[in-house]
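**Q** here you go, sequence then predicted model.
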Number of protein chains: 2
Amino acid sequence: MVRRLGPIAGVVAIGISATAMATQEPQINEHSKVHVMACVELETDYRARVGVGVGQLPQSPGVPISHAVAELRRCVQDLGFVGCNLNPDPSGGHWTSAPLTDRAWYPFYEAMVELDVPAMVHVSAVTNPNFHATGSHYLNADTTAFMQFLQSDLFQDLPGLRFVIPHGGGAVPYHWGRYRGLAQDMKRPPLKEHLLNNVFFDTCVYHQPGIDLLLKVIPADNILFASEMVGAVRGIDPETGNYYDDTKRYVEGLKLSPEDRNKVFEGNARRVYSRLKNKIPASR
Amino acid sequence: MVRRLGPIAGVVAIGISATAMATQEPQINEHSKVHVMACVELETDYRARVGVGVGQLPQSPGVPISHAVAELRRCVQDLGFVGCNLNPDPSGGHWTSAPLTDRAWYPFYEAMVELDVPAMVHVSAVTNPNFHATGSHYLNADTTAFMQFLQSDLFQDLPGLRFVIPHGGGAVPYHWGRYRGLAQDMKRPPLKEHLLNNVFFDTCVYHQPGIDLLLKVIPADNILFASEMVGAVRGIDPETGNYYDDTKRYVEGLKLSPEDRNKVFEGNARRVYSRLKNKIPASR
């Protein structure tokens, strides 16, 4: 993974989901996802490479999310983790829970705000044969969560709440005009004001045109560099000769301003995962 | 609608879903969707404007799709319709049916091939509170259907089968690298060979960067112009001063070659909806 990021880049903050293995629930037994949530460019070498965790939660269908609060506290306070993965569909593709904006989720959100940690909204294994985990369920969940946020007053209720939507936001940036128009028709504030203080997207989009679109329509303040190891795709793209999931190449291909580049590769991760400041000194 | 398409364009083929109103199932009582499936540029005037229908089907959860075959035959043979809308999730967001690639759907597909008509894969009303109809359910279904096709041998079994995926393919073009990589990891043929003789995308994407991406990654042979009336978004985009859903402006904004422009606005629609040749003479 580090090799893929090139000889200069040091992966300083690697988020490793702490998978709870004690249950047979399929959404808990997903492979431990290794997710780079911040890649800090070092001017020296790899010496500061440090793994920093984000917690996976023991969510199950029909079990109130308040049961996960204790695990969140353990992950953050005892293990020093800086965030968590929140599954919007613990049923694994049957979508039997209440939307993320339902009051039933609020006890968990209040703990997130108190602990000052963000959640990545990410589903897990899927048991509904209509969906392929990485080919549709993941992307659908990203799109679904964003639209739930758009319809709600969640961030008026809890302004300190922060979510990262993975896979470049699912379908959202590609349909950004649709979402701007839906918000307008629903008499919601413009998306920047309504959602973009609280919702962020990662860069796990596996081709240059997708990353180009992401950075074109979503402000650089809202994009966090991410790559994957044992992610959706493992092969090498014959069109480029590089790994499909070598997302750093696509972001580099954008020719961002130094300021935006720093936001995407480091600054935004530090802002969203604010507890990183206790873990990793700034690179500059 | 015609006004929005400009004074030169004539809307020649307008697909009007024939909504079966006889049942109380929510997916049947959806608004009749008015979908432009082909906009043919006329060199003269509006005189050739003709409405041509596509049939909506009486699908219900638990009812075999073979029950819809009679309605397809009636729509095509009695009413002169040139295609149909096929709902991949008659449960309305609970996803309780088998995937579109399951053998249970084959009797309907065999009728489609026999009648030489395509289906637009489009869900209808949603009753699962996790999903907003036009903000997530529609796009999720597009993405889901494409991935089902990718995993299957459906088009080896039925090479004459043709599907149009609306809303610019949901999340698919934005994640085209992901899908190319998934096909490769799954030892499937390249997507062009595996799916693009049978799967087509429309242009219902409501901003210029989205349409730019669509035409950049998907071959022009696979894109059919579409716009909507009473679609997902009704307002005017303050960034452009034009209707969000005025998709013709975005396609025009691409500066396509005359050949590709003709494919997108007319040629592909004639190829996919092949029965149009009995309805509307070619514009050139």
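**A** Perfect, thanks for sending it. Here the structure is a predicted model, which is why all the values come from computation and not from measurement.

**Q** now do the contacts for A:Leu139.
**A** A:Leu139 makes contact with A:167, A:170-171, B:143, B:171, B:175 under the criterion Cβ atoms under 8 Å, 6 or more residues apart in numbering or on different chains. Just so you know, the C-beta spots here come from the backbone N, C-alpha and C atoms, and that holds for glycine as well.

**Q** ok, so of these, who is nearest A:Lys263?
**A** A:His167 (19.6 Å; Cβ to Cβ).

**Q** quick check: the closest one touching B:Thr143?
**A** No. Applying Cβ atoms under 8 Å as the test, A:His167 and B:Thr143 come out as separate, 11.0 Å apart.

**Q** sorry, back to before: now the contacts of A:Leu139 in TSV, with neighbour count?
**A** What follows is the contacts of A:Leu139, written out as TSV (neighbours: other Cβ atoms under 10 Å in any protein chain shown):
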residue	neighbour count
A:His167	29
A:Gly170	30
A:Ala171	35
B:Thr143	30
B:Ala171	35
B:His175	30
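
**Q** can you pull out the helices in chain A?
**A** A:69-73, A:106-115, A:138-151, A:154-157, A:176-185, A:191-194, A:208-217, A:247-252, A:258-262, A:268-272 (DSSP state H).

**Q** and stretch A:267-275, how far apart are its ends?
**A** In terms of Cα to Cα, to the nearest Å, the two terminal residues of stretch A:267-275 are separated by 13 Å.

**Q** contact partners of it?
**A** A:13, A:37-38, A:54, A:76, A:82-83, A:116-118, A:162, A:164, A:200, A:220-225, A:276-277, A:282.

**Q** nearest to B:Ile236 among the contacts of A:Leu139?
**A** Nearest member of those to B:Ile236, counting by Cβ to Cβ, is A:Ala171, at 22.9 Å.

**Q** do you know how far the residue lying closest to the closest one once chain neighbours are set aside is from B:Ile165?
**A** Of all residues not flanking A:Ala171 in the chain, B:Ala171 sits nearest, at 3.5 Å (Cβ to Cβ, 6 or more residues apart in numbering or on different chains). As judged by Cβ to Cβ, to the nearest Å, B:Ala171 and B:Ile165 stand 11 Å apart.

**Q** find the residues that touch each one of those two.
**A** B:Asp142.

**Q** circling back: report pLDDT for the residue nearest to A:Ala171.
**A** We have a pLDDT of 98 for B:Ala171.

**Q** check A:Leu276 too.
**A** 93.

**Q** with the one 3 residues further on instead?
**A** A:Lys279 carries a pLDDT value of 82.

**Q** give me the low-pLDDT residue ranges for the stretch 151-284 of chain A?
**A** Applying pLDDT under 70 to the stretch 151-284 of chain A flags residues A:283-284.

**Q** residues in it within reach of chain B, list them.
**A** A:151, A:167-168, A:170-171, A:173-182, A:184-185, A:205-210, A:212-213, A:216-217, A:232-235, A:237, A:239, A:244-245 (Cβ under 8 Å from any Cβ of the partner chain).

**Q** what subset of the residues you listed is buried?
**A** Buried positions within those, assessed by neighbour count (16 or more other Cβ atoms under 10 Å in any protein chain shown), are A:151, A:167-168, A:170-171, A:173-182, A:184, A:205-210, A:212-213, A:216-217, A:232-233, A:237, A:244-245.

**Q** redo the contacts of A:Leu139 as a markdown table? Include distance to B:Asp102.
**A** Listed next are these as a markdown table, based on distance: Cβ to Cβ, whole Å:
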| residue | distance to B:Asp102 |
| --- | --- |
| A:His167 | 26 |
| A:Gly170 | 25 |
| A:Ala171 | 24 |
| B:Thr143 | 18 |
| B:Ala171 | 22 |
| B:His175 | 24 |
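
**Q** farthest-apart pair in those, please.
**A** Longest span within those, Cβ to Cβ: A:His167 and B:Thr143, 11.0 Å.

**Q** ignoring the adjacent residues along the chain, who's closest to the residue in the stretch 51-200 of chain A positioned nearest to chain B?
**A** Residue of the stretch 51-200 of chain A nearest chain B, by Cβ to the nearest Cβ: A:Gly177 (2.7 Å). Nearest residue to A:Gly177, sequence neighbours excluded (Cβ to Cβ, 6+ apart): B:His207, at 2.7 Å.
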